[in-house]
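1. Next input, structure requested:
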Amino acid sequence: MTLTRTFTALALAGTTIAGAASAQDLRLAPAAPPAHPAYYMYEHFVEYLAEESGGSMPATIFGPEVVALPQVGDALQSGLADVGNSLPLYFAADFPVTGVAGDLALQGRDPHAMALAMTEWVVNCAPCQEEYKAFGGVFLGAGSSDVYGLITTTPVETVEDLQGLRLRSGGAPYSRWAEHFGASGVPMAVGDQFEAMSQGTIDGSMASIVDMLSYRLVDTATHFNTVPIGTYHATSNFTFALPTWEGMSEEERATVVRAANRANFDLTDRWAFQLPEAAWEEVNASDITVIEASDELIAAVEAFAQEDRDAQVAEAGDVAADFVALVDEWSAAIADIGNDPDALAELAWERIWADVDLSTYGL
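-> Numbering: from 1, shown residues only. Have a look, this model is predicted:
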């Protein structure tokens, strides 16, 4: 059976399931396995839906064997899934404007600030909204990774130590970072980095410390440098299929927005705080040498981050300028209230969602 026929069969099966369920029974596609922060977020979303709806809005989570990340768009458009975790950078041709925020990854220093900036920016970005509408989905918020550092098989203590290194890159911003410091950014799927490091194909990865556990880099890396590189925050955690959204009452939409707004912070809390803490425990128990980034290295990195920020704003114009302004605003707000997910969810509701007209949003 071809992939197309398989996917069509799954879509028909999903339609059958939907027909047997209530009108509010939502089919959810986190597009990740249970150990992933996205699945964790969706489990909380189901709980919040039950709370916010008084139990009238049940949901079923599909695993990645039904809908994987590259299939989320098709799943939403075919009716297989009502809600999906879609990453704009996976569908770059569909999201040229939304992708501008992802290209500003080197600004990432506070995960919650990056996630909140991404959420507020897309909600109020007219061309971004048009991109989601054309994609067949409705954007209900973003999350963020922790701040990436350097996982290597060679010590990196100074800018000079970066010269000539081959570093796995998760996208254009990271490649620019590597090249600026005389290294080479090697585009590579995250799942391939362990073998590449083990075989010496690359010297390391610009990555989350969580990769020490998720991809067992703790078994092949020898050093970790805490230098702050950037974040992965260009996400659309809960992309509602447009027909599903259109079929909901305004009250039902408010219910799912409230649940999504709460769950968005569970992703960032899990990805940027809980899992890094667990990864640090294993790293500290291993033979890996942790190198605290020197003042000189941090100064050089921050200078380039500002240079890159200015270059991206010059190239992309107001859309990029609006995003970086929001990063600054949310960074200041979080400095005042801290990283508590519940408190941040309340603030996000007040500042971002409370005034959104849900009778027209996404339509």
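2. Mind listing residues that contact stretch 332-348?
-> The contact list for stretch 332-348, computed with C-beta atoms under 8 Å, 6 or more residues apart in numbering, reads 110, 112-113, 116, 119, 141, 261-262, 264-266, 268-269, 273. No exception for glycine: its C-beta is placed from N, CA and C like everyone else's.
3. which residues in the stretch 201-350 of the chain form helices?
-> 211-214, 242-246, 250-269, 275-284, 295-316, 318-337, 341-348 (DSSP state H, counting those that start in this stretch).
4. Now for Gln77: which residues touch it?
-> Gly136, Ala241.
5. Surely Ile298 and Val227 touch.
-> Yes: at 6.6 Å, Ile298 and Val227 qualify as touching, with contact defined as C-beta atoms under 8 Å.
6. so can I have JSON lines of the helices of the stretch 201-350 of the chain showing mean pLDDT and distance to Val156?
-> Below are the helices of the stretch 201-350 of the chain laid out as JSON lines (pLDDT from 0 to 100; distance: least, C-beta to C-beta, whole Å):
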{"stretch": "helix 211-214", "mean pLDDT": "92", "distance to Val156": "16"}
{"stretch": "helix 242-246", "mean pLDDT": "97", "distance to Val156": "46"}
{"stretch": "helix 250-269", "mean pLDDT": "97", "distance to Val156": "27"}
{"stretch": "helix 275-284", "mean pLDDT": "96", "distance to Val156": "15"}
{"stretch": "helix 295-316", "mean pLDDT": "97", "distance to Val156": "8"}
{"stretch": "helix 318-337", "mean pLDDT": "94", "distance to Val156": "27"}
{"stretch": "helix 341-348", "mean pLDDT": "96", "distance to Val156": "33"}
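7. TSV for those, including distance to Pro33 and mean neighbour count?
-> Output for these, formatted as TSV (distance: least, C-beta to C-beta, whole Å; neighbours: other C-beta atoms under 10 Å):
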stretch	distance to Pro33	mean neighbour count
helix 211-214	10	21
helix 242-246	24	17
helix 250-269	15	22
helix 275-284	14	16
helix 295-316	33	15
helix 318-337	30	16
helix 341-348	22	18
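8. Please produce CSV containing those, extended by distance to Gly191.
-> Listed next are the helices of the stretch 201-350 of the chain as CSV, based on distance: least, C-beta to C-beta, whole Å:
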stretch, distance to Gly191
helix 211-214, 9
helix 242-246, 31
helix 250-269, 20
helix 275-284, 17
helix 295-316, 27
helix 318-337, 29
helix 341-348, 28
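9. Relative to Phe62, which of the ones you listed is closest?
-> Closest to Phe62 of the helices of the stretch 201-350 of the chain, according to C-beta to C-beta: helix 242-246, at 14.3 Å.
10. any residues touching the closest one, and which ones?
-> Leu26, Leu76, Gly79, Asp82, Val83, Lys133, Gly136, Gly137, Val138, Arg253, Gly362, Leu363.
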